[in-house]
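A.B. asks: what follows is a predicted protein model with its sequence.
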2 protein chains.
Amino acid sequence: MLIVQKYGGTSVGTLERIEAVAQRVAKTKEAGNDVVVVVSAMSGETNKLIEYAEYFSKTPKQREMDMLLSSGERVTSALLAIALNEMGYPAIAMSGRQAGIETDLAHTKARIENIDRTQIESKLQEGNIVVVAGFQGITREGDVSTLGRGGSDLSAVAIAGALEADLCEIYTDVDGVYTTDPRIEPKAKKLDKISYDEMLELASLGAKVLQTRSVEMAKKLNVNLVTRSSFNDNEGTLITKEENIMEQPVVSGVALDRNQARVTLRGVTDKPGIAAEIFRKLADNNINVDMIIQNVGHDGTTNLGFTVPQNELEIAKKAMSEIKASESVEYDSDIVKVSIVGVGMKSHSGVACKAFDTLAHEGINLEMISTSEIKISMVIAAKYGELAVRALHSAYGLHQ
Amino acid sequence: MLIVQKYGGTSVGTLERIEAVAQRVAKTKEAGNDVVVVVSAMSGETNKLIEYAEYFSKTPKQREMDMLLSSGERVTSALLAIALNEMGYPAIAMSGRQAGIETDLAHTKARIENIDRTQIESKLQEGNIVVVAGFQGITREGDVSTLGRGGSDLSAVAIAGALEADLCEIYTDVDGVYTTDPRIEPKAKKLDKISYDEMLELASLGAKVLQTRSVEMAKKLNVNLVTRSSFNDNEGTLITKEENIMEQPVVSGVALDRNQARVTLRGVTDKPGIAAEIFRKLADNNINVDMIIQNVGHDGTTNLGFTVPQNELEIAKKAMSEIKASESVEYDSDIVKVSIVGVGMKSHSGVACKAFDTLAHEGINLEMISTSEIKISMVIAAKYGELAVRALHSAYGLHQ
């Protein structure tokens, strides 16, 4: 097999940890696999460099930031290659440029445009373990670029896609994807498999195991992604296409998003395009609107409700104060969003019904509801968040 | 003018120091010059990375060491460019690769083969200050290479040569080149100018301001080199070709080399090629032989004496024990080498005579003498080292 392994900052946070990673990589090679390793900077390094830059400027040039920030991953890749060579496993360290990662010109948040796999393939064929500095690439102008938050995951997935690797393992400090947050529901179970779409919903709902961009790319490139811990030998969770999962559970997971605030506009002015005006105003202020609900009030006027991230509520308030769109505006930051996600919903009826029943049975009032093909999200009072998660987790039999 | 400035590790050792360097660079730009800056890693960084590597391996792969060690200079170049941009001076950070520094394949001690000046020139023409990560280049295989000890100086001189810069300023924590070590002779004076050849002799004699390789390259490329301090505004010392120095002093400086040991072979076996055998043996052991003196003893047998670096004496002893070349071998590590250097010697007679007289007058016995066109070196008992330096410094009027 050809396996791409990616180790995050905590997995390579100390020299001892890098040594442990080297042993894991060696074991994978020893099992007869070809191995490409993608590494992050040692934890703390990138933040240190950002602080250095901020000493000089609050708005440093992004091209120079990329030159600065890309150095941490290069250090880790060299150290891991040195460790592997010492253990008798020929290894080659490569920068993003050497690994053929070509990006657009958007410094500090570049998008991968192409992977030239020539160099990696040739080094693999010579029997080497290839250790790639994650998070970075090169623009067509020859400058170093970085890929933004979660960039090393993206590097790994893109390389796995380009090489048509059998597996792309993302190592972090958690065991995999759980049916819900174990800190809320101790009976939460680690999932063996989950589909890309479910993972995308869970990632966007705040399960911090993987970032949305990486899962989207894995889906697009058809990369079998495994998320697992570098601190133990547990199996992890495979994220793959729906067809690869034999038996789809109706619901795969329950997610709780605490970073939600609700805006309600009552008596919205009755003129065409008023909703467009409201949401353009929010977009202009870079506010990410999540759920939107419009309904007609009992007196015939229109009410419009939406949720925004809690930390963007103040900007939203300011934006709303600048337009006259309704009789009154109410804000409520004392809410949470609880969601159930599952590909199985597509072919099962009554899933939503059970969710509503479950919460009603606990005396929890639903303030907003929004559904997609594989997700049901409900806004409820913040104080009921954990209770709702446990109740839903149990109702769908996720602890079994 | 086009000026290349190089700042060493202590000059960029802290964020405050980098800020001070930015101000100095800005001042140079403000004076109407085009400026290329070459920077070292922040002091301590390179040693830290070496320690990291040594945690994993006593003999790390050199290709990987270069990837590792080159990161420190990249960080400094990015930070300095960020600082300059913030001050309103457009600046571009460049790695060795981006600056077009092409080297051979000898990782960790690569030699510069060519400078492709296209990128630097184009960025200068756009009005930028160009900040180059020193110490590094790229091989024709596309791998990062480093240039060994003093590598950033080499980067600066090579770039100055390629760009035909008017001046290459090497900033360190000392004011320039002195007539002798001020810790030995407080009356030592800073030289305004010195020729390449004199500087080469002084560098090889242990004046640690500049390394031999950089001076050799400056001479070859006809680069006007200035060594000065980044901690004050003193003028520094210009190292240039002899023709540029109007009035040549007979003697420019007095150097003391304490890292010397003497080997004396008495009654050397009388057969052809025996000297060649001795020195081949030493070369095979990578011992740098400095002075060599052969003379015929009073009984007709041959005596052979030479000096080696004191820290290589034990290897030399072992090497000598492996061949039977003489009746006896004596070792003396209680010696020093004191040298006077001056281009003016070429056209002045009696220079050596005055040196011998001076030392004789102080009761110092000469154990070995070796001369070149612009240098006289004398081996004496270690205890007389400082006295000899002061006496010679005074005899040649260097304090005036």
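C.D. replies: On my side now, so go ahead.

A.B. asks: only C-alpha atoms from now on, for both contacts and neighbour counts.
C.D. replies: Fine.

A.B. asks: quick one: the helix or strand A:Val25 falls within near chain B?
C.D. replies: Secondary structure from DSSP states H and E places A:Val25 in helix A:15-30. Yes - against chain B, helix A:15-30 shows contacts by C-alpha under 8 Å from any C-alpha of the partner chain at A:15, A:19.

A.B. asks: buried residues, whichever helix or strand comes after that helix. List them.
C.D. replies: Once helix A:15-30 ends, the next helix or strand along the chain (criterion: DSSP H and E) is strand A:34-39. By neighbour count with 16 or more other C-alpha atoms under 10 Å in any protein chain shown, strand A:34-39 contains the buried residues A:34-39.

A.B. asks: low-confidence regions, chain A specifically.
C.D. replies: Residues of chain A that meet the criterion pLDDT under 70 lie in A:205-207, A:297-300.

A.B. asks: may I have the phi/psi pair for the nearest residue to A:Ala381 once chain neighbours are set aside?
C.D. replies: Of all residues not flanking A:Ala381 in the chain, A:Ile335 sits nearest, at 4.5 Å (C-alpha to C-alpha, 6 or more residues apart in numbering or on different chains). When quoted as degrees, to the nearest 10, the phi and psi of A:Ile335 stand at phi -130, psi 160.

A.B. asks: could you report the distance from A:Ile335 to chain B?
C.D. replies: 42 Å (C-alpha to the nearest C-alpha, to the nearest Å).

A.B. asks: would you mind listing what in the stretch 101-250 of chain A touches chain B?
C.D. replies: Near chain B, when you scan the stretch 101-250 of chain A using C-alpha under 8 Å from any C-alpha, you find A:142-143.

A.B. asks: all helices of the stretch 101-250 of chain A, in order?
C.D. replies: A:118-125, A:151-163, A:196-204, A:212-221 (DSSP state H, counting those that start in this stretch).

A.B. asks: looking at those helices, which is buried most?
C.D. replies: Among these, helix A:151-163 has the highest mean neighbour count (mean count of other C-alpha atoms under 10 Å in any protein chain shown), at a mean of 26.

A.B. asks: so what touches that helix?
C.D. replies: Residues from elsewhere that reach helix A:151-163 (C-alpha atoms under 8 Å, 6 or more residues apart in numbering or on different chains): A:3-6, A:8, A:37-40, A:101, A:112, A:115-117, A:121, A:134-136, A:147, A:166-168, A:170, A:213-214, A:217-218, A:221-223, A:225.

A.B. asks: what does stretch A:325-336 give?
C.D. replies: Stretch A:325-336 has contacts (C-alpha under 8 Å, 6+ apart) with A:256-269, A:274, A:278, A:310, A:379-383, A:385.

A.B. asks: and the buried ones among the residues you listed, selectable in PyMOL?
C.D. replies: Applying 16+ other C-alpha under 10 Å to those, the buried members can be selected in PyMOL as follows:
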select buried, chain A and resi 256+257+258+259+260+261+262+263+264+265+266+267+268+269+310+379+380+381+382+385
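
A.B. asks: among the contacts of stretch A:325-336, which ones are in strands?
C.D. replies: A:256-257, A:261-268, A:379-381 (DSSP state E).

A.B. asks: and the residue nearest to A:Ala381, how many neighbours does it have?
C.D. replies: Counted by other C-alpha atoms under 10 Å in any protein chain shown, the residues lying close to A:Ile335 total 22.

A.B. asks: can you redo the helices of the stretch 101-250 of chain A as CSV with distance to A:Gly344?
C.D. replies: CSV is the format used below for the helices of the stretch 101-250 of chain A (distance: least, C-alpha to C-alpha, whole Å):
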stretch, distance to A:Gly344
helix A:118-125, 39
helix A:151-163, 26
helix A:196-204, 10
helix A:212-221, 18
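
A.B. asks: what's the closest of these to A:Glu242?
C.D. replies: Between A:Glu242 and those, the tightest spacing by C-alpha to C-alpha is seen for helix A:196-204, at 7.3 Å.

A.B. asks: residues contacting A:Asn128?
C.D. replies: So A:Asn128 contacts A:89-92 (C-alpha under 8 Å, 6+ apart).

A.B. asks: quick one: buried ones out of those?
C.D. replies: Of the contacts of A:Asn128, these count as buried by 16+ other C-alpha under 10 Å: A:89-92.

A.B. asks: packing partners of the helix holding A:Val25?
C.D. replies: strand A:34-39, helix A:71-86, helix B:45-56 (3 or more C-alpha pairs under 8 Å, 6 or more residues apart in numbering or on different chains; DSSP states H and E).

A.B. asks: what's the offset of that helix from the middle of its chain?
C.D. replies: Centroid separation for helix A:15-30 versus its chain: 25 Å, with C-alpha atoms, centre = their mean, to the nearest Å.

A.B. asks: what do you get for stretch A:44-56?
C.D. replies: Relative to its parent chain, stretch A:44-56 has a centroid offset of 24 Å by C-alpha atoms, centre = their mean.
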